[in-house]
Each structure stands twice: as C-alpha cells, then as structure tokens.
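# Coordinates for the following, if possible.
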Amino acid sequence: GGLAGALPQHAHNGAAGVGMLLALDALQHPSAPVRATAGRWLHGAACFPAPLLTPLLAMLVTPRCPARLRLYSLAKLRVLLSSAHDGFIARLALEAAPPHLLRACRAALREAPLAPAVLPSAGGSLLLLLAAGTLLQVLGQSSRARPTPAAPRGAAPGTAAAADESRRGGQEQQRRLRFGDSAQAVATELMTQLLHGTPAQIGRPLSEMLLEPVLQILRSSVGAAVGSSGRGAQEQLLALAHAALQHGRETEGGREGGYERGLLSRLLVPTVTSGLADTGSPAWQHWAGFGVACLTHCVATGQPDTAGAIVVSLLTTLSELLLFHHAHLPPHQVEALLVALQHTHHFCAFGEPPPAATWPPSPPAPRRAVAAGERLAVAQNALFQMLPSVCWAVV
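Numbers count the residues shown, from 1 in each chain. I've put the predicted structure just below:
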C-alpha cells in the first residue's frame, strides 16, 4: 500500500494499474483463496497489457526513482511474466509503448555504460521498452558515477598513448559499472527469462546486442573486491550470457545483424579464463559449467578455433589449480574442478558434454569416440597437447 503512494504520478493513473499492483502483492498472500483469486484476475487482465505494465515500467525508467521501487518493479515483473499465459510476451511485441516512457528510457540509455541501442529512434513496443528498462538495471551506472569524458582521437592505434587511453577508459568504465546488488541480480534473471520467451524476430537481435556488454561486465566483475557483494550477480550474468549465445549468431558475409565476427575469441575466451582463475568467487562452479557449455555452442556454430582456445583455457587453468592450489581449495571446489576436467575431455572425445548425472547412478552405456571432424579437430588437438599436464595434475 505504501509503495503506490510513492510512485511517479503517471505510474498509477487508472484503476487497472493500481489493481495490478494489488493483485501482484496478493499472489504472495498466506491465504490460498486470495492467491487463486489474484491469479485469475491477472490472467484475465493480461489481454490488455499496457495498463498492467505501465506502472512497473515507469519505476524502471523514471529518473531518480528510489532504488527500493526499482527492485519492487523488477520482482513484480518476474511474477507477472511467470503467471501470465503463454502468448503474453508475444502480445507485448504488438503493443505500442507510451511515448513519455520511451523518451525517458532513451535518455537513460544514453547515460548508461555499455548500453546498446535497444530502442528504435522513433516508437517502440512494450516488449522493447520492457527489455530496455530491464537492461538499464543490468548495466546501469551507480548513483555516484560521473560521466566518462570523451576519449581523445589523436592517438594512433597500437601506440603507447593509445594503450594508455584504452587503459584509462577501461578503469573509468569499471568505476561506473555496478556489481552484484539485488536489483542487478533480479534484473539479470528477468532479462534471461525474456530472451527465452521472446519471439525469435525480436529475441535474436536483442541477444546479439546484449552479448558483448554482458561479457564485458562479467569480465570486469572478476576484479571486484573479495568479501563484498561485488561478485554476487555473476551466476545470473553467466546464465544471461549463455542465453544470449544460444539465441544470437555471429555475423557472416554480407548478412545483416549478428554479433561482431571474432567477438568470442576476442572477449569470451579471456572472460572464461579470468573467471576460472578467480577461485574465491562464490560462482566459481558456474564459471566452469559456462566454459564447457560454450564449447558446445562454438562447435555447433562452426567456430572450431574458438572451441580449441576454450579447451586450452579450461585445461590449463584447471590443471594449474590442481597442481599449485589444491591444498587451499575446499573439497567441493576440488570436486567441481575434476568434474569440469572430465566434461571437457568427454566433449573432445564424443562431441558433447556427458548427460546430466542421475541418482542412483546407472551403468554408463558404451560409447565410441567420434572421428576428428573439421569442427572438433582443433579441440581434440588442444586436448592431446594438454594431456600430459592434465594427467600429472590429476596424479
């Protein structure tokens, strides 16, 4: 009840918007009949999405909206998308967003670090506004951030001056980024939910735009201070990066769209390497799983060189951890490390990670190694080169 009075004026105009907020709160009521009634009301009201979403979207894109309201909005949007019917997200792509919210969101995106141009220059659907508003909370700058000055353009590429400019720009960008607060974690989960549920004609370009900034923020989060909440959203960001990989594609030839050719070898491989080396991260096990999952994607999309580089990164980093740091690692992390080594070897031998473990375990069916086809040849060669080091580390 107190939140409704704190909303921006245009966020709660109309009975439907206030009713939606009350219904979303009622979904968490201790009484089962109240929860059932709220669910039925929301299911029926989802046929008219604009009045339902406008109050929540206003909290995400309105300047100087309190942080607690943004977190409230993100949490309720997740509940709304989870409880709506199957065609709700597709319906959002057909509904025009309020112009005043589109203007506010474009202005906020111009100030946010790493933010791609999610919204068109004119107009936009409710789905795109929802994606853009959520992205603001994933990549948004902190309230203490200062605008980044424009980089000088006089330095030639490859010179010391250009390297200094790039380093200063990266340090300034990292100061502007926000890591691990509750809003970022919830927003990242919501964005992943959107990518999996959005129609392909919108989800694919959205995934391709998201991949680079998500990888950049992941790589920057590795250096966050130990003991703080700085790495608290890594698990959610890894899931979002994997979803963007699944739904996007690399630019090929003259085809329009797609993420930058060579992006995975330039950014994905060093990001995975730095994440695996950060043994103090609570999300370390997820980094290992993400690295193995990237192997499948790279081979399936015809990027064998990138798959080979990830194999080298996985085997080198994991072997070094076993050799030099095993005494300082907790037992569960040593177990996860050995599992990641096993999955990497399994992928190189059979072209896919092993199936999910079941309990009780059943005897494994006999399998034959796949022939070293063009897509797996680089990964298998990398495995053969690293095999002595891996065996010595395990021993």
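
# Let me see the mean pLDDT of stretch 65-82.
For stretch 65-82, mean pLDDT is 84.

# tell me which residues of that stretch are tucked away?
65, 69-78, 80-81 (16 or more other C-beta atoms under 10 Å). Every residue, glycine included, has its C-beta placed from N, CA and C.

# Low-confidence ranges, the stretch 151-300 of the chain, go.
151-180, 223-232, 250-259 (pLDDT under 70).

# Secondary structure and distance to Arg91 for the buried residues of stretch 65-82 - can I get that in CSV?
Converted to CSV, these look like this (DSSP: H, G, I helix; E, B strand; the rest coil; distance: C-beta to C-beta, whole Å):
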residue, secondary structure, distance to Arg91
Cys65, coil, 26
Leu69, helix, 25
Arg70, helix, 24
Leu71, helix, 26
Tyr72, helix, 24
Ser73, helix, 20
Leu74, helix, 20
Ala75, helix, 22
Lys76, helix, 18
Leu77, helix, 15
Arg78, helix, 18
Leu80, helix, 13
Leu81, helix, 12
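
# Let's have those residues in TSV, adding distance to His332.
Output for these, formatted as TSV (distance: C-beta to C-beta, whole Å):
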residue	distance to His332
Cys65	40
Leu69	38
Arg70	34
Leu71	31
Tyr72	35
Ser73	36
Leu74	31
Ala75	30
Lys76	35
Leu77	34
Arg78	29
Leu80	36
Leu81	33
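
# Using CSV, write out every CA atom in the helix or strand hosting Leu295.
Element membership of Leu295 [criterion: DSSP states H and E] is helix 284-300. This file holds the C-alpha atoms of helix 284-300, laid out as CSV (Å, rounded to 0.1, in the frame of the first residue of the first chain):
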residue,chain,number,x,y,z
TRP,A,284,33.3,-20.5,-9.5
GLN,A,285,31.5,-23.7,-10.2
HIS,A,286,29.2,-21.9,-12.6
TRP,A,287,32.2,-20.4,-14.4
ALA,A,288,33.4,-24.0,-15.1
GLY,A,289,30.0,-25.1,-16.3
PHE,A,290,29.7,-22.0,-18.5
GLY,A,291,33.1,-22.7,-20.1
VAL,A,292,32.1,-26.3,-21.0
ALA,A,293,28.7,-25.1,-22.3
CYS,A,294,30.5,-22.6,-24.6
LEU,A,295,32.4,-25.4,-26.2
THR,A,296,29.1,-26.9,-27.5
HIS,A,297,28.0,-23.6,-28.9
CYS,A,298,31.2,-22.8,-30.7
VAL,A,299,31.3,-26.2,-32.4
ALA,A,300,27.6,-26.1,-33.3
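
# Just name whatever secondary elements it is in contact with.
helix 234-247, helix 269-277, helix 304-325, helix 331-350, helix 374-394 (3 or more C-beta pairs under 8 Å, 6 or more residues apart in numbering; DSSP states H and E).

# repeat that with 6 Å
helix 234-247, helix 269-277, helix 304-325, helix 331-350 (3 or more C-beta pairs under 6 Å, 6 or more residues apart in numbering; DSSP states H and E).

# List the buried residues for it?
Neighbour-count burial for helix 284-300 [16+ other C-beta under 10 Å]: 284-299.

# Of these, which is the nearest to His332?
Gln285 (8.0 Å; C-beta to C-beta).

# surely the closest one meets Glu335?
No. The pair Gln285 / Glu335 is not scored as a contact, 9.2 Å apart, by C-beta atoms under 6 Å.

# between these two, what contacts are shared?
Among the neighbours of Gln285, none is also in contact with Glu335 (C-beta atoms under 6 Å, 6 or more residues apart in numbering).

# Show residues contacting the helix holding Leu295.
Counting by C-beta under 6 Å, 6+ apart, residues outside helix 284-300 touching it are 235, 238, 242, 245, 272, 275-276, 306-307, 310, 314, 336, 340, 343, 347, 353, 375.

# please redo it, this time with the cut-off set to 7 Å
234-235, 238, 242, 245, 264, 268, 272, 275-276, 278, 281, 306-307, 310-311, 314, 333, 336, 340, 343-344, 347, 351-353, 375-376, 379 (C-beta atoms under 7 Å, 6 or more residues apart in numbering).

# Specify the angle between that helix and helix 269-277 in degrees.
150 degrees (axes from the mean of the first three to the mean of the last three C-alpha atoms, to 10 degrees).

# what helix or strand does Pro116 sit in?
Counting by DSSP H and E, Pro116 is found in no helix or strand.

# Can you give me the pLDDT of it?
85.

# Can you tell me the closest non-neighbouring residue to it?
Met209 (4.0 Å; C-beta to C-beta, 6 or more residues apart in numbering).

# before we move on, the earlier item: quick check, nearest of the buried residues of stretch 65-82 to Gly197?
Looking across the buried residues of stretch 65-82 and measuring by C-beta to C-beta, the closest to Gly197 is Leu81, at 7.2 Å.

# give the contact list for the closest one.
Here Leu81 is in contact with Ile89, Gln193 (criterion: C-beta under 7 Å, 6+ apart).

# With Leu190 as the reference, measure out to it.
Note on Leu81: its distance to Leu190, by C-beta to C-beta, to the nearest Å, is 7 Å.

# Check Arg204 too.
In terms of C-beta to C-beta, Arg204 sits 19 Å off from Leu190.

# quick one on the thing from earlier: the helix or strand that contains the residue nearest to Pro116 - contacts with which helices or strands?
Element membership of Met209, judged by DSSP H and E, is helix 200-221. Helices and strands touching helix 200-221, as assessed by 3 or more C-beta pairs under 7 Å, 6 or more residues apart in numbering; DSSP states H and E, comprise helix 126-139, helix 182-197, helix 234-247, helix 269-277.

# if we go to 8 Å?
helix 126-139, helix 182-197, helix 234-247, helix 263, helix 269-277.

# Please enumerate residues in contact with the third one?
Helix 234-247 is contacted from outside by 138, 180, 184-185, 188-189, 191-192, 195-196, 200, 203-204, 206-208, 210-211, 214-215, 217-218, 221, 275, 281-283, 286-287, 290, 293-294, 297, using C-beta atoms under 8 Å, 6 or more residues apart in numbering.
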